[in-house]
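A.B. asks: Give me a model of this one.
(one chain, ligands or ions: 1)
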Amino acid sequence: MKTAIYPGTFDPITNGHIDVLIKATKIFDQVILAVAEKTDKETTFSTSERLDLCREATKDIAGIKVVKFDGLVVDFAVEMKAETMIRGLRAISDFEYELSLSLINEKLNSKISTIFFVPDLKYLYLSSSLIRQVVALGGNAKDLIPDCVLKALLKKK
Ligand code: COA
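C.D. replies: Take a look at the predicted model:
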């Protein structure tokens, strides 16, 4: 069984993340959506809220498991018996950060490789913080996030 992990903060999960996830499920038998408990960012949603939203948003996609993690992502990959890490690459601006992240992870554990997927063009400019801003300011984000995320963001207003 080929397992990959897709780590991130997912604050909140967007259709761009889901697009990457669906692409990954075509290659891997199981994709673990790994929700980081602690990150450098101050999150709008708590870990349990982010987990619940990820579970609800991906419930109809076969081969997905949503799990939280803490500590080094490469250690979590080993724990999950995954040798591959999935990341989304949206624009050239992502490249430097993603390159250093994948290189440090490879240095920490050379058995774990990173595979990048490019989200669909219509999601290329998306980010969780932009979505939070759009909804907070009353903009229309309907096509960019799952319904459960829209409802949760509206409750935070
Ligand atoms: N669609 C929409 N948005 C996307 C996206 C996509 N396909 N891919 C990335 N993004 C956005 C996210 O929404 C997020 O936006 P924001 O900054 O506005 O919130 C941004 O890109 C990056 O977020 P994310 O993909 O969640 O990555 P991250 O940088 O927040 O998280 C971890 C990185 C959690 C994977 C990383 O910090 C980690 O592994 N931490 C654990 C400790 C560790 O092992 N560190 C590495 C070695 S020191």
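A.B. asks: so how far is residue 92 from the nearest residue to residue 108 once chain neighbours are set aside?
C.D. replies: Using Cβ to Cβ, 6 or more residues apart in numbering and skipping residues adjacent in sequence, the residue nearest residue 108 is residue 74, 4.8 Å away. In this view, the C-beta of every residue, glycine as well, is placed from N, C-alpha and C. Distance of residue 74 to residue 92, computed by Cβ to Cβ, to the nearest Å: 26 Å.
A.B. asks: So for these two, which residue has more residues nearby?
C.D. replies: Higher neighbour count among residue 74 and residue 92: residue 74, with 21 against 7, using other Cβ atoms under 10 Å.
A.B. asks: Figure out the helix or strand that the more buried one lives in.
C.D. replies: helix 73-79 (DSSP states H and E).
A.B. asks: Is that helix positioned near the ligand?
C.D. replies: Yes: using Cβ under 6 Å from any ligand atom, helix 73-79 reaches the ligand at residue 73.
A.B. asks: quick one: that helix to chain centroid distance?
C.D. replies: 16 Å (Cα atoms, centre = their mean, to the nearest Å).
A.B. asks: List the buried residues for that helix?
C.D. replies: In terms of neighbour count (16 or more other Cβ atoms under 10 Å), helix 73-79 has its buried residues at 73, 74, 76, 77.
A.B. asks: pLDDT averaged over that helix, what's the number?
C.D. replies: Averaged across helix 73-79, the pLDDT comes to 98.
A.B. asks: now for it, which elements pack on it?
C.D. replies: strand 3-8, strand 30-36, strand 84-88, helix 92-108 (3 or more Cβ pairs under 8 Å, 6 or more residues apart in numbering; DSSP states H and E).
A.B. asks: possible to save the buried residues of helix 73-79 as TSV with distance to residue 61?
C.D. replies: As requested, these are exported to TSV (distance: Cβ to Cβ, whole Å):
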residue	distance to residue 61
73	22
74	25
76	21
77	20
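A.B. asks: lowest-pLDDT helix or strand in the chain?
C.D. replies: Ranking every helix and strand in the chain by mean pLDDT, DSSP states H and E puts helix 92-108 at the bottom, with a mean of 94.
A.B. asks: helices or strands next to that helix in the packing?
C.D. replies: Packing contacts for helix 92-108, counted by 3+ Cβ pairs under 8 Å, 6+ apart, involve helix 73-79, strand 84-88, strand 113-117.
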